[in-house]
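Visitor: A structural model of the following input is requested.
(one chain, ligands or ions: 1)
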Amino acid sequence: MSATNTAVQPPADAAAPVRHPEAPAPGEPVGSHYANCFGCGPDQPHGLHLAARAGEGVDITAEFTVRPEHQGAPGLAHGGVLATALDEALGALNWILRVISVTGRLETDYLRPVPVGSVLHLSARVTARAGRKIYATAEGRLDGPDGPVAVRADALFIEVKVDHFIENGRQEEIQAVMHDPDVRRQARAFEVNP
Ligand SMILES: CCCCCCCCCCCC(=O)SCCNC(=O)CCNC(=O)[C@H](O)C(C)(C)COP(=O)(O)OP(=O)(O)OC[C@H]1O[C@@H](n2cnc3c(N)ncnc32)[C@H](O)[C@@H]1OP(=O)(O)O
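Guide: So this is what the prediction gives:
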């Protein structure tokens, strides 16, 4: 049983989400949005290394292996780390909508303890859109994609322009990615192909 804030529930007049025609094909990896991202970056040694795949709808799946460095209580995953995994899975939906959005609100329910060594089977989907607001939900299951739900979240993501990062990020990292032609092409493509 969960008590949710109305901010993460779509209003009655929200629109159904639409899979972007250029979204990765079902089963394809969506890729990392930033190599140093704590959630999905392959170059981030401390990160979760989530590798999401596109689903058939406006959805993704991913797996997160809980390692000893993710502990909160002895032998159990830290709740904040699990929230990060859910947040990152939800963030990967950007690739399916082909928009850039950031988490505005994330509400998590912790239903079962998640032991170190377990694989959390994550799924996330967009439920609705209303202007810049993107409503989405995610869950993490133990013992396989059809196993019991251990954690879940409802979220409100807000669409932003790439300038959001350029204006707010530390210049050292911004300059580094701005000089990466692949990153620039990717970011601009999201903006000109809504
Ligand atoms: C290069 C590729 C990279 C790709 C990058 C992909 C990153 C994915 C990574 C995983 C996800 C993350 O961790 S993202 C990182 C964590 N999140 C953040 O850092 C976001 C920090 N917050 C912000 O920057 C800002 O608050 C924004 C952008 C979210 C919103 O600011 P804004 O642009 O001025 O918009 P604002 O007018 O305030 O809000 C727009 C509408 O949303 C509503 N709204 C906004 N926030 C909330 C909220 N918390 N709860 C309820 N409602 C909210 C407002 O009421 C309004 O509704 P109405 O009046 O229109 O009805």
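
Visitor: For stretch 109-125, buried residues please.
Guide: By neighbour count on 16 or more other CB atoms under 10 Å, the buried set for stretch 109-125 is 109, 111, 114, 118-125. C-betas here are computed from N, CA, C, even on glycine.

Visitor: taking these one by one, which sit in strands?
Guide: 109, 119-125 (DSSP state E).

Visitor: ok so residue 154 is a strand residue?
Guide: Yes - secondary structure of residue 154 (DSSP: H, G, I helix; E, B strand; the rest coil): part of a strand.

Visitor: now it, nearest residue through space, not along the chain?
Guide: residue 8 (4.0 Å; CB to CB, 6 or more residues apart in numbering).

Visitor: number of nearby residues for that neighbour?
Guide: By the criterion of other CB atoms under 10 Å, residue 8 has 20 neighbours.

Visitor: Show the pLDDT at it.
Guide: With respect to pLDDT, residue 8 has a value of 96.

Visitor: tell me the contacts of it?
Guide: 105, 107, 135, 154-156 (CB atoms under 8 Å, 6 or more residues apart in numbering).

Visitor: which residue of the chain sits farthest from its center?
Guide: Distance to the chain centre peaks in the chain at residue 74, reaching 26.6 Å (criterion: CA atoms, centre = their mean).

Visitor: And it, how close does it get to residue 85?
Guide: Going from residue 74 to residue 85 by CB to CB, to the nearest Å gives 20 Å.

Visitor: circling back to that earlier point, just name the closest of the contacts of residue 8 to the ligand, please.
Guide: residue 105 (4.0 Å; CB to the nearest ligand atom).

Visitor: Could you pull up the residues touching that closest one?
Guide: By CB under 8 Å, 6+ apart, the neighbours of residue 105 are 5, 7-8, 155-156.

Visitor: let's go with 7 Å and repeat that
Guide: 7-8, 155-156 (CB atoms under 7 Å, 6 or more residues apart in numbering).
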